[in-house]
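*Asks:* what would the 3D arrangement of this be:
(2 chains)
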Amino acid sequence: MAQASSQAKSAANNPVGSGSGAKTQFGYRRHADQDRSATDIAAHPVVVVGAGPVGLSFAIDLAQRGHNVVLLDDADRIGEGSRAICFSKRSLEYWDRLGVGDRMVDKGVVWSVGRIFHGPSELYQFNLLPEQGHKRPAFINLQQFYAEAYLVDRVEQLPAISLRWRNKVMALEQRNDGVLVSIATPEGPYRLHAAYVIACDGARSALRQMVGAEFAGQAFEDQFLIADVKMSAEFPTERWFWFDPPFHAGRSALLHKQPDDVWRIDLQLRPDADPTAEKRPEKVRPRIARMLGHDKFEFEWISLYKFQCRRMDRFIHGRVIFAGDAAHQVSPFGARGANSGLEDAENLSWKLDRVLRRLSPESLLESYHIERSTAADENIRESTRSTDFMAPNTQQEARLRKAVLALASETEFGKRMVNGGRLSVPTVYDSPLSMPDSDAWRGGPRPGMSMYDAPIDGRYLTDAFIEQGKRFTCLAFDNASALEAPDGLGVIRIGGKGGFADRDHLAASRYDAEPGTTYLLRPDGYVAARFRHPTPAALDAALSRAAGLN
Amino acid sequence: MTLSTSSNFAKPDDAFRAIVEAHRGLSDAQSADLDATLVLILANHIGDIAVLHEAIALAKRRVIDAQQQQQQQQ
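*Replies:* Sure thing, here's the model as predicted:
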């Protein structure tokens, strides 16, 4: 565990007590911007609001691209308790690019297998990453506060980020060239001018209200009890999901391991359950004891909640851009909250970088709204289906679910219809930035899909991509001499003379590559275009389109 | 592929009879369970979402039309 740089500053405030090694308490510090007069307020290119996983990751990304970032948070500590726990392969690959992937994976619980039970018996199991040759696993489980603590440590290594705790945004005033941001601090208010404000201030976003945006969608009636319990147990590191288990008749249950011998338990309760009573430890304890078959555990966290699935109509309001839970909210079955927020951050940061550098027109940002609102729709659709399956709305829905569960014990198609949560995978973009295929392909990621990892020369393609500096990059197979990449473009050569060896032929097979095959990757690792035999003109055209230049 | 509405069974009465007899002796709730299970099995066998949508649309249309006719007769 690489935690030398962080110390538990305040054990008393540490949500998991001593030994977690993560700093979670921070102090307010006055900034020179607060001493400026009303006629001479400080101007910044980017102000990010909300130091959660999305805001922190976005700030790091943009700082690594050479921009100064002000990051504001109204609290002075990392929120405790149980929030996101499942971080996806794509999120880990993103965090690798931000320099924090190893710490997350070292601390996290790696998993890829899930089991679904009905009553006392197992219906089936699934493996989310059944193949070898990927740097990162399908998922890790990690308490959100660890993820945030590691991201804050990374922020502190980057002088380009000014992280200001207990800075609460009170008002926004849109201007033609940016936004005037009014901020309250323990020492009084001050104002900043930001060319762009990125709102990552969570599901109850104050900034969303400030721009007057609606946040409409569907609310679910069933309540869910979340308990994080500490115990030593021999359960495997798998995601276990029950429909109608013997210990919790008629409802669903989830068991999932986190670091530090903490287990996430999620029990579905009736819509009319009394939230105050149900949260009391003396009420929760027998429920959990029935599930585990013993009561040798301690509570780390208990909460009761109802889901909402909803999103903003537009993610961009003038110069204020929304990301993560502030822009969209899903139910938790599928790990689509934090992971989709991180995808937002990565999608937006390279685009904003290009716009700030005047390499691309401001209209490139519109593709952030197009791509990520489509992703939000998909995530809402998937998580709504899961929630509806767990909590059927009508008698007939319940009847159909019963039929699916009955069929699942005997048929493969029945198993695949059982919906105990469909876990987050990168969204496929039907995007104006993609160049549609004009050659014939039998496989490989098509334009609008996220790159696949593969082993090359004993390392990984995702690492080689990071070494290219997260810019537009050509992935060129077996054509070392044929391709003349345009200026500023990264090149990863695989096979052929001077290319990475593809010993097991995994890279070529995952990309359906033949000699000459070339993929154009966007800075966020999405495929912009692909060619069997690229010409400079074709590459140029694809690059222009992906950069929003036409 | 589109939904086939021409008669596909050599002996349609046999098919209708088989379904009727499957429900014999069942309560309304059991019958509804049987129908739901049967629908899922047959939908998967068809395995074509466009055909399924067409079948659903046809069924809904007929159910609504039949209801309206009934109301007019009353």
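
*Asks:* contacting residues around the most centrally placed residue in chain A?
*Replies:* By Cα atoms, centre = their mean, chain A has its centre lying nearest to A:Asn339, at 1.8 Å. Taking Cβ atoms under 8 Å, 6 or more residues apart in numbering or on different chains as the criterion, A:Asn339 is in contact with A:86-88, A:90-91, A:424. Backbone N, C-alpha and C define where each C-beta goes, glycine included.

*Asks:* in a helix, that's where it is, yeah?
*Replies:* Yes. Assigned with DSSP: H, G, I helix; E, B strand; the rest coil, A:Asn339 falls within a helix.

*Asks:* state the distance from it to chain B.
*Replies:* As judged by Cβ to the nearest Cβ, to the nearest Å, A:Asn339 and chain B stand 27 Å apart.

*Asks:* what do you get for A:Glu397?
*Replies:* Distance from A:Glu397 to chain B, counting by Cβ to the nearest Cβ: 10 Å.

*Asks:* give me the nearest residue to that residue, chain neighbours excluded.
*Replies:* Computed as Cβ to Cβ, 6 or more residues apart in numbering or on different chains, the closest residue to A:Glu397 that is not its neighbour in sequence is A:Asp388, at 6.9 Å.

*Asks:* and the one you found, what pLDDT?
*Replies:* A:Asp388 is assigned a predicted lDDT (pLDDT) of 90.

*Asks:* that one: neighbouring residues, count only.
*Replies:* By other Cβ atoms under 10 Å in any protein chain shown, the residues close to A:Asp388 number 16.

*Asks:* biggest strand in chain A by residues?
*Replies:* strand A:190-199 (DSSP state E).

*Asks:* for the helix or strand that it is followed by, the distance to its chain's centre please.
*Replies:* Following strand A:190-199 in sequence order, the next helix or strand is helix A:206-210 (DSSP states H and E). Mean C-alpha position of helix A:206-210 versus that of the full chain (Cα atoms, centre = their mean, to the nearest Å) differs by 22 Å.

*Asks:* and the contacts of helix A:206-210?
*Replies:* A:49, A:169, A:171-172, A:197, A:199, A:201, A:215, A:312, A:320, A:322, A:326-327.

*Asks:* one more time with 7 Å, if that's ok
*Replies:* With contact meaning Cβ atoms under 7 Å, 6 or more residues apart in numbering or on different chains, helix A:206-210 is reached by A:49, A:169, A:171-172, A:199, A:201, A:215, A:312, A:320, A:322, A:326.

*Asks:* now that helix: average pLDDT?
*Replies:* The model assigns helix A:206-210 a mean pLDDT of 97.

*Asks:* so after it, what's the next helix or strand?
*Replies:* strand A:216-219.

*Asks:* mind listing what's buried in that next one?
*Replies:* A:Gly217 (16 or more other Cβ atoms under 10 Å in any protein chain shown).

*Asks:* mean confidence score for it?
*Replies:* 88.

*Asks:* quick revisit: you'd agree the residue nearest to A:Glu397 is in a helix?
*Replies:* Yes. Per three-state DSSP, A:Asp388 lies within a helix segment.

*Asks:* just the residues contacting the longest strand of chain A, thanks.
*Replies:* Contacts of strand A:190-199 (Cβ under 7 Å, 6+ apart): A:33-34, A:41-50, A:58, A:70, A:172, A:177-183, A:205, A:207-208, A:319-323, A:326, A:352.

*Asks:* ok, stretch A:508-519 next?
*Replies:* Applying Cβ under 7 Å, 6+ apart, the external contacts of stretch A:508-519 come out as A:441-444, A:452, A:454, A:474-479, A:482-483, A:495, A:502, A:527, A:530-534.

*Asks:* please save the CA atoms from it in PDB.
*Replies:* Extracted C-alpha coordinates of stretch A:508-519, given in PDB (Å, rounded to 0.1, in the frame of the first residue of the first chain):
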ATOM      1  CA  ALA A 508      -4.500  -7.300 -33.300                       C
ATOM      2  CA  SER A 509      -7.400  -9.600 -32.600                       C
ATOM      3  CA  ARG A 510      -9.200  -7.100 -30.200                       C
ATOM      4  CA  TYR A 511      -8.800  -4.400 -32.900                       C
ATOM      5  CA  ASP A 512      -9.600  -6.700 -35.800                       C
ATOM      6  CA  ALA A 513      -6.300  -5.400 -37.200                       C
ATOM      7  CA  GLU A 514      -4.600  -6.300 -40.500                       C
ATOM      8  CA  PRO A 515      -1.300  -4.800 -41.800                       C
ATOM      9  CA  GLY A 516      -2.000  -1.100 -42.200                       C
ATOM     10  CA  THR A 517      -5.000  -0.900 -39.900                       C
ATOM     11  CA  THR A 518      -5.000   2.400 -38.100                       C
ATOM     12  CA  TYR A 519      -7.300   3.700 -35.300                       C
END
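
*Asks:* buried set for that stretch?
*Replies:* Buried-residue list, stretch A:508-519, by 16+ other Cβ under 10 Å: A:508, A:510-513, A:516-519.

*Asks:* ok, which pair from the contacts of A:Asn339 is furthest apart?
*Replies:* For the contacts of A:Asn339, the farthest-apart pair by Cβ to Cβ is A:Cys86 and A:Arg90; their separation is 12.0 Å.

*Asks:* compare those two (neighbour count), which wins?
*Replies:* Between A:Cys86 and A:Arg90, A:Cys86 has the larger neighbour count (other Cβ under 10 Å), namely 27 against 22.

*Asks:* for that one, give me its contacts.
*Replies:* If you count contacts by Cβ under 7 Å, 6+ apart, then A:Cys86 has A:139, A:141, A:335 around it.

*Asks:* gap between the second one and A:Cys474?
*Replies:* What it means is A:Asn141. 36 Å (Cβ to Cβ, to the nearest Å).

*Asks:* ok, now the first one?
*Replies:* Using Cβ to Cβ, one obtains 30 Å as the distance from A:Phe139 to A:Cys474.

*Asks:* who's more crowded, these two?
*Replies:* A:Phe139 (27 against 22).

*Asks:* residues contacting that one?
*Replies:* Here A:Phe139 is in contact with A:86-89, A:111-112, A:128, A:335 (criterion: Cβ under 7 Å, 6+ apart).

*Asks:* repeat that for A:Phe299.
*Replies:* Contacts of A:Phe299 (Cβ under 7 Å, 6+ apart): A:227, A:229, A:281.
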